[in-house]
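Novice: Sequence plus predicted model, see below.
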Amino acid sequence: MTSLSRQQAEEILFEEARILDDHRYDEWFAMLTDDAIYWVPCNGEGIDPNREISLVYDDHARLRDRIDRLHSGVAHAQSPPSKTCRLISNVQIEQTSDDTAGVNSVFFVYELRQARQRIFARRYPALAGPEHRTRRGKRR
């Protein structure tokens, strides 16, 4: 039995994208479970963060520190903050259990920062549950 429909998964991912685009990081943090990992590998698809160089490899506590630094005004890399627009596509539920669903999607992030435009695109694996909390195994 599927614990989460594709439409429910899309609603969670779309809400998360809007929250991040609006810089509402405390609300985003509240969506995460305590065992969440936010991983951005340096090169390629990334297979093992313990054997590869990572741009970001944050656990729950480190994410809290990162958000607190953004709120403090001393995060010089985001002063002024980037303007972003996220697009989520190709949402699929890959595996389910009674209380969680494996969700895979593709995301695009358009960033405008100091008159410079950048576009990022990646696969977006996540676990989501009926309470709309997510656990990131690998965010690539």
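Specialist: Perfect, thanks for sending it.
Novice: Give the rounded mean pLDDT of stretch 24-35.
Specialist: The pLDDT scores in stretch 24-35 average 91.
Novice: quick one: Leu112 from Ile19, how far?
Specialist: 18 Å (CB to CB, to the nearest Å). Where you see a C-beta, it was placed from the backbone N, CA and C, and this is true even at glycine.
Novice: Look at those two and report which has more neighbours.
Specialist: With neighbours defined as other CB atoms under 10 Å, Leu112 and Ile19 compare such that Ile19 has more, 18 against 12.
Novice: so where is the chain shaky, pLDDT-wise?
Specialist: Low-confidence segments of the chain (pLDDT under 70): 1-3, 44-45, 95-96, 98, 128-140.
Novice: And the helices in it?
Specialist: For the chain, applying DSSP state H gives helices covering 6-21, 25-30, 60-72.
Novice: Any chance of TSV for those helices, columns distance to Arg123?
Specialist: Listed next are these as TSV, based on distance: least, CB to CB, whole Å:
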stretch	distance to Arg123
helix 6-21	13
helix 25-30	19
helix 60-72	20
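Novice: Deepest-packed of these, please.
Specialist: Among the helices of the chain, ranked by average contacts under mean count of other CB atoms under 10 Å, first place goes to helix 6-21 (a mean of 17).
Novice: what does that one rub up against?
Specialist: 27-28, 31, 84-88, 91-93, 101, 103, 105, 107, 124, 126, 128, 130, 132, 134 (CB atoms under 8 Å, 6 or more residues apart in numbering).
Novice: try 6 Å this time
Specialist: With CB atoms under 6 Å, 6 or more residues apart in numbering as the test, helix 6-21 has contacts from Glu27, Trp28, Thr84, Cys85, Arg86, Ile88, Val91, Ile93, Val103, Ser105, Ala128, His132.
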